[in-house]
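K.L.:
Predicted coordinates and the sequence they were generated for:
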Amino acid sequence: MLAKALVIAMAADLARSDYAKPTLIRGRSREWLIACRWGPEGEYLSIATAGPIAEPFAAAAPPALAPVYSLFGVLVSESETQATSTFLLVRQPPGAIELAGTFFPADGYAVLRHHGDIHLACKARYSHSCGWQDGREVRKDIPDPAPSSAEAMSWHIDASRRDWIGEFIPGQMPRARVAIRAAG
């Protein structure tokens, strides 16, 4: 069954590529993500970067993960038979939505797959300018970036759920706490 609400930590392989030619990979990294799905019908998804992964094969996320930059998506399709939910990433968040971290405008999509565990595949590209408002960083969309702009690139993200103390999936006990209770 597809989770309509969740907050999970994910270990992600992130490839950064050229804005105009997304197949041209310029660098790779491993980062922690926090994925949140919410809304009356589970129609919203935020994907926040939360820092580099220090251990090569981290089984659990650090307890103090916090969102840094947040992508925002709106549900476009869902398949119970394929156990997938697909979200369209947006360059402007809907009016009253408030995100943790700094909103990161992007075009693209994200797919949540519920095959045994939760996995995320995301393809995005962005171009933005950076600034400050009321003491907070703000990023605004630039619809037609200059060639080779430092603030324009594409991302390829593949991520898998990891145990995390901050996890929340209604109706499920977090896996990290299950292990503690089973041992005690």
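P.N.:
Nice, thanks for sending it over.

K.L.:
Around residue 73, count how many other residues there are.
P.N.:
25 (other C-beta atoms under 10 Å). Backbone N, C-alpha and C define where each C-beta goes, glycine included.

K.L.:
and it, that's in a strand?
P.N.:
Yes - under DSSP: H, G, I helix; E, B strand; the rest coil, residue 73 sits within a strand.

K.L.:
Could you tell me which residues make contact with the closest residue to it other than its chain neighbours?
P.N.:
Leaving aside its chain neighbours, residue 73 sits nearest to residue 87 (3.1 Å; criterion: C-beta to C-beta, 6 or more residues apart in numbering). Applying C-beta atoms under 8 Å, 6 or more residues apart in numbering to residue 87 gives the contacts 45, 73-76, 109-112.

K.L.:
again, only this time at 6 Å
P.N.:
Residues counted as contacts of residue 87 (C-beta atoms under 6 Å, 6 or more residues apart in numbering) are 45, 73, 75, 110.

K.L.:
what pLDDT does it get?
P.N.:
As predicted, residue 87 sits at a pLDDT of 98.

K.L.:
repeat for residue 149
P.N.:
68.

K.L.:
pLDDT score assigned to the residue nearest to residue 18 when sequence neighbours are not counted?
P.N.:
Closest residue in space to residue 18, ignoring its immediate chain neighbours: residue 24 at 4.2 Å, by C-beta to C-beta, 6+ apart. You'll see residue 24 listed with a pLDDT of 88.

K.L.:
With the one 10 residues further on instead?
P.N.:
Confidence per residue is given as pLDDT, and for residue 34 that number is 97.

K.L.:
Please shift the residue numbers so they start at 237 in all later answers.
P.N.:
Sure, I'll start numbering at 237, so the last one becomes residue 270.

K.L.:
which element is it on?
P.N.:
Element membership for residue 270, per DSSP states H and E: strand 261-274.

K.L.:
Same question for residue 330.
P.N.:
Counting by DSSP H and E, no helix or strand carries residue 330.

K.L.:
how close does it get to residue 309?
P.N.:
To residue 309, residue 330 is 11 Å away according to C-beta to C-beta, to the nearest Å.

K.L.:
likewise residue 268?
P.N.:
The gap separating residue 268 from residue 309 is 19 Å, by C-beta to C-beta.

K.L.:
now do residue 238
P.N.:
Distance from residue 238 to residue 309, by C-beta to C-beta: 15 Å.

K.L.:
Neighbours of the closest residue to residue 391 other than its chain neighbours, how many?
P.N.:
Distances taken as C-beta to C-beta, 6+ apart put residue 360 closest to residue 391, at 4.8 Å, once the chain neighbours are dropped. The local packing of residue 360 (other C-beta under 10 Å) involves 21 other residues.
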